[in-house]
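# Predicted model and sequence follow; I will ask about them next.
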Amino acid sequence: MLSPTALAPLLIWLERGLALALAVWTLMFLCRIVLTWYPAVDRTRGPLAVVNGCTEPLLAPTRRWVAPIGGVDVTPVIWVGLVSLLREVLVGQQGLIVQLRIGATLAAGSPAG
């Protein structure tokens with residue numbers, strides 16, 4: 001088992017990396033929301049292919065459960081909410097990883113900041 005002195009820096013990197021990854025994922029889903037306004041845009045080329053490739057594996061199964069409302073695909077909105085919730089639970093001000101980091105930092109004897 002890792003000592004608190006060794007665990008605190010790992011938790012800091014985990015917290016920052018996870019916060020960044022979830023923020024980027026949220027941004028990708030927001031891009032998908034905007035793309036629903038422009039159905040004629042080719043999402044298989046350029047930077048849109050990256051957005052499409054990272055979001056479609058989650059959106060496709062969700063579409064089987066949630067039908068379009070008034071012809072509008074609402075699944076990206078659902079995923080923005082879910083990813084935002086996950087981000088808050090894990091790395092928000094009172095998130096699980098943040099609390100672990102604070103505990104490890106205090107146990108190591110340095111300020112929690």
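Received, thanks. Numbering: from 1, shown residues only.
# Please list all residues in contact with residue 58.
residue 79 (CB atoms under 8 Å, 6 or more residues apart in numbering). C-betas here are computed from N, CA, C, even on glycine.
# roughly how far apart are it and residue 5?
According to CB to CB, to the nearest Å, residue 58 stands 38 Å off from residue 5.
# cool, residue 65 as well?
46 Å.
# Mind checking which of the two has more residues around it?
residue 5 (13 against 8; other CB atoms under 10 Å).
# Distance of the closest residue to that one other than its chain neighbours relative to residue 74?
Of all residues not flanking residue 5 in the chain, residue 108 sits nearest, at 4.4 Å (CB to CB, 6 or more residues apart in numbering). Distance, residue 108 to residue 74, by CB to CB: 46 Å.
# who's in contact with the spatially most central residue of the chain?
Of all residues in the chain, the one closest to the mean position by CA atoms, centre = their mean is residue 22, 2.2 Å from it. Taking CB under 8 Å, 6+ apart, we find residue 22 in contact with 83, 86-87, 90-91.
# That one sits in which helix or strand?
Assigned by DSSP states H and E, residue 22 belongs to helix 4-35.
# Can you verify residue 78 is assigned to a strand?
No - counting by DSSP: H, G, I helix; E, B strand; the rest coil, residue 78 is not part of a strand but helix.
# circling back to that earlier point, pull out the buried positions in the helix holding residue 22.
Neighbour-count burial for helix 4-35, counted by 16 or more other CB atoms under 10 Å, picks out 7-8, 11, 15, 18-19, 22, 25-26, 28-29, 31-33, 35.
# Report the mean per-residue pLDDT for that helix.
Confidence for helix 4-35, expressed as mean pLDDT, is 92.
# What residues of the next helix or strand along the chain from it count as buried?
Next helix or strand after helix 4-35 toward the C-terminus (DSSP H and E): helix 46-65. Neighbour-count burial for helix 46-65 flags 51-52, 55, 58-59 (criterion: 16+ other CB under 10 Å).
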